[in-house]
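*Asks:* A predicted structure for the sequence below; I have some questions about it.
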Amino acid sequence: MRASDTCPVYFENVRVPQRHRIGEEGMGFMMQMLQFQEERLCGAVGTLRGMDAVIDQTIAYCKERTTFGQPLINNQVIHFRMAELRTEVELLRSLVYRAVEDYVGGKDVTMLASMAKLKAGRLAREVSDACLQYWGGMGFTWDNPASQAYRDTRLLSIGGGADEIMLGIICKLMNILPGKKRD
Ligand SMILES: Cc1cc2nc3c(=O)[nH]c(=O)nc-3n(C[C@H](O)[C@H](O)[C@H](O)COP(=O)(O)OP(=O)(O)OC[C@H]3O[C@@H](n4cnc5c(N)ncnc54)[C@H](O)[C@@H]3O)c2cc1C
């Protein structure tokens, strides 16, 4: 994500020729909302292999690193944690596969895509943070894979609509937003 040049951009008195218009006038918001299904699904899909990789790299490191005469991985708190993280990633993978299958089948996946992005952003944080811990001081260094994952994946809970926006969409589709008519 360091290749993403993040900054505000201001447009003042910009004239856009008609031939450069995308779609019908006044439909921009609607088009963006439809596009978000794909963007949010892509965001969730994109975390899966990264999380697998950081778990694999952390396991390899914990097998190699010895403290008090034995490899770090022999500590039950560590190998159990790796198993928990892998289980969580597999649960997210199932949700993502289901959402993608529905999307390819032409269904509206607003609810599933919002859930997948919400969960992916939170799980990516959890996986990278938990893995970083087991690299000890090495995890604090800039080029460590868990450290890199920690910084790079943080975007997912903000970009493409923040977690709170995902929760709002899910609540709206669950018909539990305050002030809305309930069945
Ligand atoms: C690296 C990077 C790349 C990006 N790439 C793109 C891009 O390619 N195209 C593009 O269009 N945009 C892009 N963005 C912008 C991104 O989509 C926005 O930053 C994001 O949608 C959040 O909007 P905001 O920054 O205006 O935060 P704000 O809307 O100011 O929200 C700030 C925080 O307040 C909270 N919040 C906001 N609304 C609510 C609410 N209703 N209820 C409760 N809490 C709320 C959330 O925690 C949120 O993170 C990018 C951003 C980054 C950091």
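*Replies:* That came in fine, so what should we check first? Please read these numbers as outputs of a predicted model, since none were measured by experiment. Residues are numbered from 1 along each chain as shown.
*Asks:* Got phi/psi on Q70?
*Replies:* Phi and psi for Q70, reported as degrees, to the nearest 10, are phi -150, psi 160.
*Asks:* Tell me the buried residues in stretch 150-157?
*Replies:* Within stretch 150-157, the residues that count as buried by 16 or more other Cβ atoms under 10 Å are Y150, D152, T153, L156, S157. C-beta here means a position set from N, CA and C on the backbone, and glycine is covered the same way.
*Asks:* From the chain's centroid, how far away is that stretch?
*Replies:* The chain centre lies 7 Å from the centre of stretch 150-157; the measure is Cα atoms, centre = their mean, to the nearest Å.
*Asks:* For the remainder of this discussion, apply numbering that starts at 26.
*Replies:* I'll keep to 26 as the first residue from here, and by that count the last item is stretch 175-182.
*Asks:* you'd agree G184 is up against G68?
*Replies:* Yes. Using Cβ atoms under 8 Å, G184 is in contact with G68, at 7.4 Å.
*Asks:* Which one of these two is surrounded by more residues?
*Replies:* Neighbours per residue (other Cβ atoms under 10 Å) separate G184 from G68, with G68 holding more: 23 against 16.
*Asks:* What strand or helix carries the more buried one?
*Replies:* In this assignment (DSSP states H and E), G68 forms part of helix 53-89.
*Asks:* other SSEs contacting that helix?
*Replies:* Judged by 3 or more Cβ pairs under 8 Å, 6 or more residues apart in numbering; DSSP states H and E, helix 53-89 is in contact with strand 95-96, helix 101-129, helix 135-159, helix 170-178.
*Asks:* what are the pairing partners of the first one, and which direction each?
*Replies:* Neighbouring strands of strand 95-96 in its sheet, by DSSP bridges, are strand 91-92 (antiparallel).
*Asks:* I194: how many residues sit nearby?
*Replies:* Neighbourhood size, I194 [other Cβ under 10 Å]: 22.
*Asks:* show me what contacts it?
*Replies:* T135, M136, S139, G186 (Cβ atoms under 8 Å, 6 or more residues apart in numbering).
*Asks:* The ligand contacts on the chain?
*Replies:* Listed as neighbours of the ligand in the chain under the rule Cβ under 6 Å from any ligand atom: M26, S29, T31, L180, I183, G184, G185, G186, A187, E189, I190, G193.
*Asks:* check contacts around the first one.
*Replies:* Contacts of M26 were listed using Cβ under 8 Å, 6+ apart, and they are R176, D177, L180.
*Asks:* Also the fifth one?
*Replies:* Taking Cβ under 8 Å, 6+ apart as the definition of contact, the neighbours of I183 are G146.
*Asks:* what's the answer for P33, then?
*Replies:* Contacts for P33 (Cβ under 8 Å, 6+ apart) come out as none.
*Asks:* repeat for G68
*Replies:* Contacts of G68 by Cβ under 8 Å, 6+ apart are K142, A145, G146, L181, G184, G185.
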